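Student: Dropping the sequence and predicted coords here.
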Amino acid sequence: MRAVRAERAGGPEVMSVTEVPEPEPATGELLVDVAAAGVNFIDTYRRSGVYPMDFPHVPGSEGAGTVRAVGPGVEGVRLGDRVAWAAAPASYAEQVVVPAAVAVPVPDGLDLAEAAALPLQGMTAHYLVASTVPLGPEHTVLLTAAAGGVGLLLAQLATARGARVIGTVGTPEKEQLARQAGCSEVIRYTELPDLTAQLPQLVREMTDGAGVDVVYDGVGRDTFDASLASLRPRGTLVLFGGASGQVPPVDLQRLNTAGSVFVTRPTLGHYTATRSELEWRAREVLGAAAAGELEVRVGARYDLADAARAHAALEGRETTGKVLLLP
């Protein structure tokens with residue numbers, strides 16, 4: 001079968017398609033024909049060496065497809081079932097071995113490509129608004145990269161809970177998408193020569209000087225200081241990604257001077273640590289998409305052979321919504 005392989009740590013060019021042996025499911029595993037694999041920033045961190053990895057390796061951990069074979073000890077899953085996953089290594093391939101413990105059923109009526117767009121980013125958006133800071137009508141939030149994969153989903157889920165969402169984007173096209181997803185105000189950060197000073201000023205003007213209750217920041221290094229300064233006293237900065245790079249070490253005294261604020265760096269694994277929690281989040285997100293209550297925007301689709309282009313586009317902030325690889 002075909003699979004993408006990263007030969008060494010480096011830029012997108014270290015990836016290429018190669019022929020590898022078909023995998024076989026062991027005890028507790030499924031073999032799945034991949035309909036689509038999700039492309040995520042964590043894949044770029046692993047490819048570039050930001051996150052330590054053994055090389056060569058097949059990137060990717062998210063996708064959706066049809067069960068081709070069932071390993072020993074697996075119950076409740078049959079050949080031909082449609083499943084999705086957020087945590088199965090080597091997903092940039094025509095076939096992938098998925099631990100049954102992390103596979104979730106895809107509801108009827110939901111396209112497999114759309115299903116592949118939801119496990120990581122959709123469940124991330126869900127835990128951010130439902131668990132990290134449970135949002136309600138009393139909350140005003142600032143959302144960076146509001147037209148990104150997580151951003152468009154998070155904006156919809158947050159507004160469905162009654163929260164007011166202020167989004168940041170880079171282009172007029174992305175502003176339109178953010179507004180369609182529910183952002184009541186949108187700030188184009190590319191029009192702010194001094195982002196660190198000007199973004200908090202604009203946010204406070206929009207909140208009668210108070211600042212926001214929560215900042216959901218998936219950009220990281222470039223926006224961290226501005227995000228921290230946009231909070232109201234005792235507000236929470238949720239740093240869930242680092243699209244612009246990792247945030248340098250922070251003097252904790254800054255949290256005091258910013259107004260006794262909170263900072264957290266969550267990850268999906270800690271919010272899907274049990275099977276029941278995984279099923280709950282997947283059921284709510286995939287179910288909402290199947291029912292037409294959550295719009296899934298697939299911004300770009302690439303063949304496996306174009307995985308390097310997909311990574312370059314994602315890292316260059318050229319994408320909106322979800323990026324998929326189609327074996």
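Tutor: Structure's in. What do you need?
Student: Walk me through the domains of the protein.
Tutor: According to automatic domain parsing, the chain comprises the domains 2-117+296-326, 121-268.
Student: could you dump whichever helix in the chain runs longest to PDB, C-alpha only?
Tutor: For the chain, the longest helix by residue count, based on DSSP state H, is helix 275-290. Output of helix 275-290 as PDB, limited to C-alpha atoms (Å, rounded to 0.1, in the frame of the first residue of the first chain):
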ATOM      1  CA  ARG A 275     -13.700   5.600  26.900                       C
ATOM      2  CA  SER A 276     -16.900   7.200  28.200                       C
ATOM      3  CA  GLU A 277     -15.600  10.700  27.800                       C
ATOM      4  CA  LEU A 278     -14.300  10.000  24.300                       C
ATOM      5  CA  GLU A 279     -17.600   8.600  23.300                       C
ATOM      6  CA  TRP A 280     -19.500  11.600  24.800                       C
ATOM      7  CA  ARG A 281     -17.400  14.200  22.900                       C
ATOM      8  CA  ALA A 282     -17.400  12.200  19.600                       C
ATOM      9  CA  ARG A 283     -21.200  11.600  19.900                       C
ATOM     10  CA  GLU A 284     -21.900  15.300  20.400                       C
ATOM     11  CA  VAL A 285     -19.600  16.600  17.700                       C
ATOM     12  CA  LEU A 286     -20.200  14.000  15.000                       C
ATOM     13  CA  GLY A 287     -23.900  13.900  15.800                       C
ATOM     14  CA  ALA A 288     -24.200  17.600  15.500                       C
ATOM     15  CA  ALA A 289     -22.500  17.500  12.100                       C
ATOM     16  CA  ALA A 290     -24.700  14.700  10.900                       C
END
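Student: Now it: buried residues?
Tutor: For helix 275-290, a neighbour-count test (16 or more other CB atoms under 10 Å) marks 278, 281, 282, 284, 285, 286, 288, 289, 290 as buried. Glycine gets a C-beta too; all of them are placed from N, C-alpha and C.
Student: Any idea what residue 57 is bridged to?
Tutor: Taking DSSP bridges as the rule, residue 57 bridges to residue 6.
Student: repeat for the one 10 residues further on
Tutor: Going by DSSP bridges, residue 67 is paired in beta bridges with residue 32.
Student: can you check residue 82 too?
Tutor: Beta-bridge partners of residue 82, as defined by DSSP bridges: residue 66.
Student: What's the local residue count around it?
Tutor: Look at residue 82: counted by other CB atoms under 10 Å, it has 18 neighbours.
Student: just residue 160 next, same as before
Tutor: Residue 160: 14 neighbours (other CB under 10 Å).
Student: rewinding a little: could you check how far the longest helix of the chain is from the centre of its chain?
Tutor: Centroid separation between helix 275-290 and its chain, computed with CA atoms, centre = their mean, to the nearest Å, is 15 Å.
Student: list the contacts for the closest residue to residue 305 other than its chain neighbours?
Tutor: Sequence neighbours aside, residue 17 is the residue nearest to residue 305 in space, at 4.9 Å (criterion: CB to CB, 6 or more residues apart in numbering). For residue 17, the contacting residues are 2, 3, 4, 5, 304, 305, 307, by CB atoms under 8 Å, 6 or more residues apart in numbering.
Student: one more time with 6 Å
Tutor: Under the criterion of CB atoms under 6 Å, 6 or more residues apart in numbering, the contact list for residue 17 reads 2, 4, 304, 305.
Student: Now a PyMOL select for only the buried ones of those.
Tutor: Per 16+ other CB under 10 Å, the buried members of these correspond to this PyMOL selection:
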select buried, resi 4+304
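Student: tell me the secondary structure for the residue most central in space within the chain?
Tutor: Centroid-nearest residue in the chain: residue 121, 3.1 Å away (criterion: CA atoms, centre = their mean). Under DSSP: H, G, I helix; E, B strand; the rest coil, the three-state class of residue 121 is helix.
Student: Helices of the chain, residue ranges please.
Tutor: For the chain, the helices defined by DSSP H cover 41-48, 112-116, 119-127, 149-160, 172-180, 195-206, 224-229, 253-257, 268-271, 275-290, 307-315.
Student: And those: which comes nearest residue 246?
Tutor: Nearest to residue 246 among those is helix 41-48 (8.8 Å), distances taken as CB to CB.
Student: Specify the angle between that closest one and helix 119-127 in degrees.
Tutor: Angle, helix 41-48 to helix 119-127, by axes from the mean of the first three to the mean of the last three CA atoms, to 10 degrees: 130 degrees.
Student: ok, residues contacting helix 41-48?
Tutor: With CB under 6 Å, 6+ apart, helix 41-48 has contacts from 6, 51, 53, 59, 60, 241, 243, 311, 315.
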